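Asks: Model the following, please.
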Amino acid sequence: MSLQETIKSQIKEAMIAKDAIRLDVLRGMSAAFTNELVAKGKKPQDTISDEDALAVIMRLSKQRKDSIEQFTKGGREDLVAEEKAQLAIIEAYLPKMMDKSEVQKIAESKKTELGITDPTKKGMLMSAIMKDLKGKADGSIVKEVVDSLF
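Replies: Residues are numbered from 1 along each chain as shown. All right, here's what the predicted structure looks like:
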């Protein structure tokens with residue numbers, strides 16, 4: 001069963017359970033999948049690949065994190081709580097992200113492998129690490145680790 005089909009079946013379960021927040025998030029995901037299909041020139045009824053579905057879910061997760069940050073700065077704790085609840089549901093569909101220590105080890109080995117010693121080559125190192133860790137590590141953590149190496 002594809003990720004898209006799983007989410008569609010869970011929409012029905014959320015309706016039956018009358019779980020409004022979960023239902024709202026799952027419907028949003030389903031709509032984002034459809035938008036992605038249309039953007040790629042496919043029919044809305046087609047099934048999105050799991051890889052593309054994960055990319056969409058990661059984008060939704062990032063949007064929620066940005067919203068939480070903005071609402072916190074604006075002092076809107078009511079909206080922060082709502083976004084955090086939605087983010088928790090979204091993150092349940094993402095693979096577990098690597099923690100900082102794991103990223104640190106990979107970054108150090110990649111730095112020696114590429115022989116990068118000049119701080120002006122940070123971007124090259126960052127891109128090489130992100131290529132290896134796509135979908136496994138948060139970009140902000142990778143950037144933080146790369147910055148600490150120089």
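Asks: Following the record's annotation, map out the domains of the protein.
Replies: 3-91, 100-149 (automatic domain parsing).
Asks: May I see these arranged in CSV, with mean neighbour count as well?
Replies: In this view, the C-beta of every residue, glycine as well, is placed from N, C-alpha and C. Shown next, in CSV, are the domains of the chain (neighbours: other CB atoms under 10 Å):
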stretch, mean neighbour count
domain 3-91, 15
domain 100-149, 15
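Asks: Worst mean pLDDT among these?
Replies: Least confidently modelled of the domains of the chain is domain 100-149, at a mean of 82 by mean pLDDT.
Asks: Quick check: end-to-end length of it?
Replies: This stretch, domain 100-149, spans 13 Å end to end (CA to CA, to the nearest Å).
Asks: and the closest residue to residue 61 other than its chain neighbours, what does it touch?
Replies: Spatial nearest neighbour of residue 61, excluding adjacent residues (CB to CB, 6 or more residues apart in numbering): residue 90 at 5.0 Å. When contacts are counted by CB atoms under 8 Å, 6 or more residues apart in numbering, residue 90 touches 25, 29, 57, 60-61, 64.
Asks: for those residues, which one is nearest residue 74?
Replies: Using CB to CB, residue 64 comes nearest to residue 74 of these, at 15.4 Å.
Asks: Apart from its neighbours in sequence, what residue is nearest that closest one?
Replies: For residue 64, ignoring the flanking residues on the chain, the nearest one in space by CB to CB, 6+ apart is residue 87 at 4.1 Å.
Asks: Done for today, thanks.
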